[in-house]
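# Dropping the sequence and predicted coords here.
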Amino acid sequence: MDKILVSPNPHIHSATTTKVLMRDVVIALLPAVIVSVVFYGWKELLVLAVSVLSCLAIEYLITRYCMKKASTIGDWSAAVTGVLLALNLPPTTPWWVVFLGALVAIGVAKMTFGGLGQNIFNPALVGRVFLLISFPTYMTHWEIPQGLFGVDAISGATPLGAIKEGLMQGASVPDLMASHGYTYSQMLFANIGGSAGEACAIAILVGFIYLVARKVIKPWITLSILGTVAAVSCIFWLANPAQFTDPLFNLLTGGLLLGSCFMATDYVTSPMSIKGGIIFGIGIGFITLMIRYFGSYPEGVSFAILIMNSTVPLLNNWFHQKKYGRA
Amino acid sequence: MAKRTFSIGGVHPADSKISRGCKLEYLPIPPTVYIALSQHIGAPAKPVVTVGDKVKVGQVLAEPGGFMSAYIHSSVSGTVKSIGPRKDLSGNNQMVVEIAVEGDEWMENIDRGDTLVTDIPDDPKAIIEKIKLGGVVGLGGATFPTHVKLSPPPGKVCEMLIINGCECEPYLTSDFRTLLEKGEQVVIGTAIIKKALGVAKATIAIEDNKLEAIEHIQKVVNEFKSKGPEYSGIEVLSLMKKYPEGGEKQLIDAVMHRQVKSGGLPIDVGAVVDNVCTALAVYEAVQKNKPLIDNSVTVTGECFPKQANLIVRVGTPLNYVIDYLGGVPEAAAKVISGGPMMGKSIANLEAATMKGTGGLLFLTREQTKRMPESNCIRCGKCAEACPMGLEPFLLNRLAKAGDTDALEANAVQDCIMCGCCLYSCPAGIPLLDIISQARGQVMGIMRARTAAAKAAAEAAKAAAEAAKPKSE
């Protein structure tokens, strides 16, 4: 001992760092990633690779050459955005479209605000919505998963899209469900057309349970989204089952699980307090359903989360946690 | 059933109580001691000895320098060599009495025998006087003069005495060893304090990582029930291990489900909290006439070759303690007085122990490394960890903006400096460093405002007095 260190307390630190937390999110996404690759094959692998590598490269270049500071890709947050973006896209998306999505997600939604922790909107969702608006053809070209070794790709609409279209043509929900042959077990375990990450509800739930068990996230936001969607769609469905889809269908389709488990719970763009989080979740659930039922898009989770992202500073101002000794 | 604990925040650092198996052991008396005149909260004591005086163990060296102050006794026998400034563990000058040790001659009225004295004096006033004469101060860290704490201001009633045996700081084990080896004395001390306060109920609260201590104290309490009415109403309570359970406010919340209002005192909610070592010191002062001249110190750390729980004479140089156990290890980078969460890092190893010194902890550079700071990711872990329910991320931001009004509105002054926020921040933001500075600033502003209001009220009163004869 040649020098004695002197510093204020505390003298020890928890082992949980930003890197550990973000890496846990990537680990939690692995089941969904693996399932999507198994279902969609090498095309999905390409989307994932392009998305993750582009996100890392873009963040590296921006931090090193625009912001002129040390690279922040080591914190794993760019990787999280990359995986989430890929899971939010159809597996057939061309590589350059994926790259543009990554550019908007990291370059615009994240780094222009100052990087991790500073952004208002969830970067992956901004990327996805940018692509949805700019390249509707690519973004709504869904494919029914044929498995790793499937050859003949079958194009089709997502369940929500198919139902919406059918309803506009005057058919009723039960008829449409029957004619498309949608079953809940199919939605739970595999494959109903949609974004890669929506392929298997169970895979997403496994990741969610991992995050909650590792104390990376609190379950309140997710539960309040799912609860709101279930409750509100139940009211509509009971009122008119011919016109409105049932709660279980709404919970299992349209990326609701992916969004509520992984995107709405993003630390940076969600409220800090439990109360704020519950209101945030109720807002997302309600807006999602309103878009699905009455909007022109068949799916509403992305928009709902982005809209509620904008209320986060307000929610943080309104709801504080209970202080000791101050009633 | 869920374990009892405090209701807001808290963290779970690794226990690291590697010295828990080390029995209390008397450290040999050093050749020279340096006894500080300010070893308690409040005014420094006034010396009553002069250079050249021969003193005995337990002889008064200094008298209280005010209402909030305490007696200081000689911990050794010998000759007063000097009274003057000497650097303390932070390197600041402190008035100390330097005594060259000669033999070990104690004051005649001190009972040095091991016999337990279980009969408790009847008069609370006499008890408190003896505690005062024994120079007893709170040994949980704050060193609040105990006789002051046991004399609640008029109108305040104590409903429960809480004896704090949580020892929630990692590494420290001196309270644990005291409970195990001097449990009888602690229980008698508890009964004495209970008597002094005139309170019916006392709770000895111990965290559940010290099961042996819980069992032992429970056994002693049961045995002592027959010894007199003072021994009834003492309960042993097992609490879930969580830092900072031993914080006075958190402990009151855990034990009584009551919260002390901001700026208030425990007595406002009917509580008095004393540490187990304080209870032991009270026993020794009241039953054995032995003033507070030694205290137990845990010496530990993974890099430290020899763990120990030592009973050390007050004023022993830290060097002497460390050399006795083999010297500072090569791997150590930081030496801490106290635990790793709230302890103070020592800048000067020549400083001497004080009444409140509870531990010497050696940490390696790796163990005490601060992470490089990165962006706040708004995870809210700091707010979740804060046992006062504050929002450290917000206070940090407000402090950087210099917004003292908003800092006060967000209760920065309630911070207890426990370190949970900095400990838990995944981005390595030095939250407590910044918050404690802001806290000091805001408390200064609040004090100035109170003083100004008081001065204004007095001026108005004086003006009214002056105007009175004219109106008549």
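Happy to help now that I have it.

# Okay, now the unreliable bits of the stretch 1-150 of chain A?
Across the stretch 1-150 of chain A, the ranges flagged by pLDDT under 70 are A:1-2, A:141-150.

# which residue ranges form the strands in it?
For the stretch 1-150 of chain A, the strands defined by DSSP state E, counting those that start in this stretch occupy A:142-144.

# Now it against chain B: closest residue?
residue A:10 (3.1 Å; C-beta to the nearest C-beta). Yep, even glycine has a C-beta here, placed from its N, CA and C like the rest.

# Phi and psi next, for that residue.
phi -80, psi 160 (degrees, to the nearest 10).

# Which residue is the nearest non-sequential neighbour of it?
Excluding the flanking residues, the one nearest residue A:10 by C-beta to C-beta, 6 or more residues apart in numbering or on different chains is residue B:419, at 3.1 Å.

# Quick check, that neighbour in contact with residue B:431.
No - taking contacts as C-beta atoms under 8 Å, residue B:419 lies outside contact range of residue B:431: 9.1 Å.

# Name all residues that make contact with residue A:255.
Residues in contact with residue A:255 (C-beta atoms under 8 Å, 6 or more residues apart in numbering or on different chains) are A:88, A:194-195, A:197-198, A:299, A:301-302.

# wait, is residue B:38 part of a strand?
No - assessed with DSSP: H, G, I helix; E, B strand; the rest coil, residue B:38 is coil; it does not lie in a strand.

# and the closest residue in space to it that isn't next to it in sequence, what is it in contact with?
Setting aside the residues directly before and after it, residue B:38 is nearest to residue B:44 in space (C-beta to C-beta, 6+ apart), at 3.9 Å. Neighbouring residues of residue B:44 by C-beta under 8 Å, 6+ apart: B:37-38, B:65, B:69, B:95.

# please redo it, this time with the cut-off set to 7 Å
B:37-38, B:65, B:95 (C-beta atoms under 7 Å, 6 or more residues apart in numbering or on different chains).

# and it, what element?
Counting by DSSP states H and E, there is no helix or strand that carries residue B:44.

# Please apply the same query to residue B:34.
Applying DSSP H and E, one finds residue B:34 within strand B:32-36.

# Can you list the strands that that strand pairs with?
Strand B:32-36 has the following sheet partners, assigned by DSSP bridges: strand B:93-101 (antiparallel).

# what's the following helix or strand after the strand it pairs with?
Following strand B:93-101 in sequence order, the next helix or strand is helix B:124-133 (DSSP H and E).

# Now do the buried residues in that following helix.
By neighbour count on 16 or more other C-beta atoms under 10 Å in any protein chain shown, the buried set for helix B:124-133 is B:124, B:127-128, B:130-133.

# same deal with stretch A:305-317?
Buried residues in stretch A:305-317 (16+ other C-beta under 10 Å): A:305-309, A:312, A:315-316.

# try stretch B:49-66
Within stretch B:49-66, the residues scored as buried using 16+ other C-beta under 10 Å are B:49, B:53, B:55-62, B:64-65.

# In strands only, show me these.
B:55, B:60-62 (DSSP state E).

# Send over the strand holding residue B:34 as PDB, restricted to the C-alpha atoms.
In PDB, the C-alpha atoms belonging to strand B:32-36 read as follows (Å, rounded to 0.1, in the frame of the first residue of the first chain):
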ATOM      1  CA  THR B  32       0.700   6.700  24.500                       C
ATOM      2  CA  VAL B  33      -3.000   7.600  24.100                       C
ATOM      3  CA  TYR B  34      -4.500  10.700  22.500                       C
ATOM      4  CA  ILE B  35      -7.900  11.400  23.900                       C
ATOM      5  CA  ALA B  36      -9.900  13.900  21.900                       C
END
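
# Counting neighbours, which bits of it end up buried?
Neighbour-count burial for strand B:32-36, counted by 16+ other C-beta under 10 Å, picks out B:32-36.

# now check the helix or strand residue B:423 falls within, is it near chain A?
With elements taken from DSSP H and E, the one containing residue B:423 is helix B:420-424. Yes - on the criterion C-beta under 7 Å from any C-beta of the partner chain, helix B:420-424 is in touch with chain A at B:422-424.

# Give the next helix or strand downstream of the helix or strand containing residue A:284.
For residue A:284, the enclosing helix or strand under DSSP H and E is helix A:274-294. Proceeding N to C from helix A:274-294, the next assigned helix or strand is helix A:301-309, under DSSP H and E.

# Which residues does that following helix contact?
Residues outside helix A:301-309 that contact it (C-beta under 7 Å, 6+ apart) are A:120-122, A:125, A:128-129, A:254-256, A:259, A:263-264, A:269, A:280, A:283-284, A:287-288, A:291.

# just stretch B:207-220 next, same as before
Counting by C-beta under 7 Å, 6+ apart, residues outside stretch B:207-220 touching it are B:3, B:15, B:165-168, B:176, B:179-180, B:183-184, B:187, B:204, B:206, B:236, B:238-241, B:245.

# just those residues that are near chain A?
Restricting the contacts of stretch B:207-220 to those near chain A - C-beta under 7 Å from any C-beta - leaves none.

# Just the ones of those in helices?
B:176, B:179-180, B:183-184, B:187 (DSSP state H).
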